[in-house]
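Chemist: please work out how this folds:
(chains A, B and C)
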Amino acid sequence: MNQLLKYDDITKLFNTIQEEKPLVHHITTYVTATDSANTVLAFGGSPVMADDPNEVEEMVSYANSLVLNIGTLSERRLEAMIKAGRKANELNIPVCLDPVGVGATSFRKEAVKRIIEEVKLTVLKGNMSEIKSIYGLDAKTRGVDSTNHTIDGGVLIARKLALRLECVVAITGSVDVISDGKSVFCIHNGHVLLESVTGTGCMTSSLIGVCLGTGYKPLQCVLTGILTMSISGEHAYKQLKPDEGLGSYRVRLMDAISNITAQYLAGGRVDEIK
Amino acid sequence: MNQLLKYDDITKLFNTIQEEKPLVHHITTYVTATDSANTVLAFGGSPVMADDPNEVEEMVSYANSLVLNIGTLSERRLEAMIKAGRKANELNIPVCLDPVGVGATSFRKEAVKRIIEEVKLTVLKGNMSEIKSIYGLDAKTRGVDSTNHTIDGGVLIARKLALRLECVVAITGSVDVISDGKSVFCIHNGHVLLESVTGTGCMTSSLIGVCLGTGYKPLQCVLTGILTMSISGEHAYKQLKPDEGLGSYRVRLMDAISNITAQYLAGGRVDEIK
Amino acid sequence: MNQLLKYDDITKLFNTIQEEKPLVHHITTYVTATDSANTVLAFGGSPVMADDPNEVEEMVSYANSLVLNIGTLSERRLEAMIKAGRKANELNIPVCLDPVGVGATSFRKEAVKRIIEEVKLTVLKGNMSEIKSIYGLDAKTRGVDSTNHTIDGGVLIARKLALRLECVVAITGSVDVISDGKSVFCIHNGHVLLESVTGTGCMTSSLIGVCLGTGYKPLQCVLTGILTMSISGEHAYKQLKPDEGLGSYRVRLMDAISNITAQYLAGGRVDEIK
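Modeler: Here you go, the predicted model:
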């Protein structure tokens, strides 16, 4: 157990969430927007979804954090992300970017490039392919594609990218790797069924968003958010009955998020990489 | 029990829904569209979601009611709302407006102002902040912000706004206040967990939409729609098992809506304010 | 049992899905996108939702099949469908069209007309009204509206339209009729509650999309996809407890899809019409 995730600290963070009900502004995909909103509510926060360039600056100014997600990206939604992100920066509101599928198309690559250039991120959270794709956006970086999908590779990339972007970088996978450029942590919790439910990655960003909305340190927020999803994924599996399947798993996952406690999280398997 | 919600009358309305399966056209947010569609089906209606200005006039002409919801508003969707609303007026199809988050941004305020100017509403349903924001859109009204969030304040605003807009106004909250400008009713049912599931407000508008689609009096439709959600919220809670959470609550809420009966509603705590 | 749905063949198809996890690109409505994505995952495939004209050609080039669905159609989404569809044709990626509500508006009719003219479909799947509407788009066809909603009428239309469009046509209903222009099959499975959950039609297209992504014959893919939904609908009903309703039915439906086996399908009631 690392010092950032002591039982007392998690309890404090959880209490702050309950008291302040952080408002998390999402500009996100319609595929997972409902699940993200329900995740925020289940975790004690307050969600607002608004993606029109005409109103995002005003909306984000009421928010305690901003979550950007490029699933089902459009030009209009990208414009909204840039506007909301810049306003959030101006007002010192933390910003979490989930670069869904960024490696797949030039449109997404260019979009993320623009977001990174114009918005100061607090957290960048993606899977290995996505983070590697962003790591490679910097023309001076070579040999990215040859980096294999190992934890060691993840540690290297997370740390370097965190330094370059001056934010916390999280690479989610069977082992999650999180770095602020100095420290690196690995989370060994989770369940394979989480990959068989759409939006669990987006919901993780929403959990991070709720934590960021409390004003706690980004590194602790990311660890807490990812650990909440990972341990909820384990709990949901344990609750599953023999004749049930993925529909029930998804319901029990939301149950687990709404029933998460600091004690559950304190039992998480988190290593610091030296 | 008020005279509008006699057991026999509710039974008649419920039977009409079953027989006619009212088609409810929604122009609504992607965050809750799935839940709204499933709510309409669970209640015995037939949902159609269409939000393109190219087709909404044609689509609404087949519908029995129109539900407008400004969550995740865009210029395109606003244009569609105006077009559909005007066509609905022309064809005497009832219109219910859910002004989600109207107070938050100028974009939403201007949008609602335009809708109210160009479309004759049958029902306006929102929470206290939203309704107060609309009440204050009229420049001649003063001191709105000083009105406190009491039931008395709600009764005053609901009645005055209903008179001004010549429609039924519903203010939802722990106590719901509903007025057609003359009568005022309060509903004391509901459960606090309804606030922890996204879209329960939008789903309430969908329930109202189904009722309006039968051609029954708007006041009865609004009372029936809100009471259906409130009592379903109570039933869902009663069905919840100790190890369950918000995921299961949301499922049981839809179960309760699909199992609602006139008898359940006749047991609702509804007061008329004299 | 027809020869296309022998136990061994279904097993082979199911094994191929498990091994290859076909990537199914959807351009679809926000009302059912979450459910479609979860259906693909539950069935063993991999979903991707992307609808921006700027990226759909690139995105579809990675996919194993393309599913187009005109629910909540917009001009932007239509443009994306045409672009993705043409690219899919170029790369021999199978395309399934779900013409949701095509008969309702001129906008949808014109859209489907354009899609059919510009994109070579592999599968066209709709309910009787939708398929009849498309059948009637050909100006040389007369008397479509007089064709009654019988199975005999369905057999005639499915066969003729399959010949005209050179694709497999499926008409879903209490009895599903499927034809490739030569053979015609009827599926007698399913459950009436499937009509009371939004998106079960869209989810069926997603199941067909997963099958098409394996490269198996379209006729077998359509039979397998529809039968999977129909039998899952029956299983979900059997699992329903007395106090449950449509919320639970929807969850159990996803459970059933994720637990489907070749043996269940081999027990399906499928007739070949001679």
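Chemist: kindly check the end-to-end length of stretch A:45-57 for me.
Modeler: One end of stretch A:45-57 to the other measures 20 Å (Cα to Cα, to the nearest Å).
Chemist: next, see if it gets close to chain C.
Modeler: No - Stretch A:45-57 does not reach chain C (Cβ under 8 Å from any Cβ of the partner chain); its nearest approach is 11.9 Å. For every residue, glycine as well, the C-beta is placed using N, CA and C.
Chemist: and chain B, is that stretch touching that?
Modeler: Yes - Stretch A:45-57 lies within reach of chain B by Cβ under 8 Å from any Cβ, at A:Pro47, A:Val48, A:Met49, A:Ala50, A:Asp51, A:Asp52, A:Asn54, A:Glu55.
Chemist: which among those end up buried?
Modeler: Buried by 16 or more other Cβ atoms under 10 Å in any protein chain shown: A:Pro47, A:Val48, A:Met49, A:Ala50, A:Asp51, A:Asp52, A:Asn54, A:Glu55, out of those.
Chemist: pick the one among those residues closest to A:Leu253.
Modeler: Minimum distance to A:Leu253 across these is 17.0 Å, recorded for A:Pro47 (Cβ to Cβ).
Chemist: residues contacting the closest one?
Modeler: The contact partners of A:Pro47, by Cβ atoms under 8 Å, 6 or more residues apart in numbering or on different chains, come to A:Leu23, A:Val24, A:His26, A:Ser36, A:Ala37, A:Val40, A:Leu41, A:Ser206, B:Thr198.
Chemist: part of a helix, is it?
Modeler: No - using DSSP: H, G, I helix; E, B strand; the rest coil, the assignment for A:Pro47 is strand, not a helix.
Chemist: measure it to B:Ser129 for me?
Modeler: The gap separating A:Pro47 from B:Ser129 is 16 Å, by Cβ to Cβ, to the nearest Å.
Chemist: equivalent analysis for A:Ala111, please.
Modeler: Distance of A:Ala111 to B:Ser129, given as Cβ to Cβ: 34 Å.
Chemist: more neighbours: those two, which one.
Modeler: A:Ala111 (25 against 16; other Cβ atoms under 10 Å in any protein chain shown).
Chemist: neighbours of the residue lying closest to that one once chain neighbours are set aside, just the number please.
Modeler: Among residues not flanking A:Ala111 along the chain, A:Leu78 sits closest, at 5.1 Å (Cβ to Cβ, 6 or more residues apart in numbering or on different chains). Neighbourhood size, A:Leu78 [other Cβ under 10 Å]: 24.
Chemist: I'd say A:Leu78 and A:Lys113 touch.
Modeler: No - judged on Cβ atoms under 8 Å, A:Leu78 makes no contact with A:Lys113 at a distance of 11.1 Å.
Chemist: what's the overlap in contacts for the two?
Modeler: In contact with both A:Leu78 and A:Lys113: no residue, using Cβ under 8 Å, 6+ apart.
Chemist: can you give me the helices in the stretch 1-150 of chain A?
Modeler: A:7-20, A:33-42, A:56-60, A:75-90, A:106-118, A:128-135 (DSSP state H, counting those that start in this stretch).
Chemist: dump those helices into a markdown table; add mean pLDDT and distance to C:Ser106 as well.
Modeler: Listed next are these as a markdown table, based on pLDDT from 0 to 100; distance: least, Cβ to Cβ, whole Å:
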| stretch | mean pLDDT | distance to C:Ser106 |
| --- | --- | --- |
| helix A:7-20 | 95 | 50 |
| helix A:33-42 | 98 | 30 |
| helix A:56-60 | 98 | 34 |
| helix A:75-90 | 98 | 25 |
| helix A:106-118 | 98 | 31 |
| helix A:128-135 | 95 | 41 |
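Chemist: and those helices, which is most packed in?
Modeler: Most buried of the helices of the stretch 1-150 of chain A, by mean neighbour count (mean count of other Cβ atoms under 10 Å in any protein chain shown): helix A:33-42, with a mean of 28.
Chemist: what residue in the stretch 101-250 of chain A comes nearest to chain B?
Modeler: A:Gln239 (6.6 Å; Cβ to the nearest Cβ).
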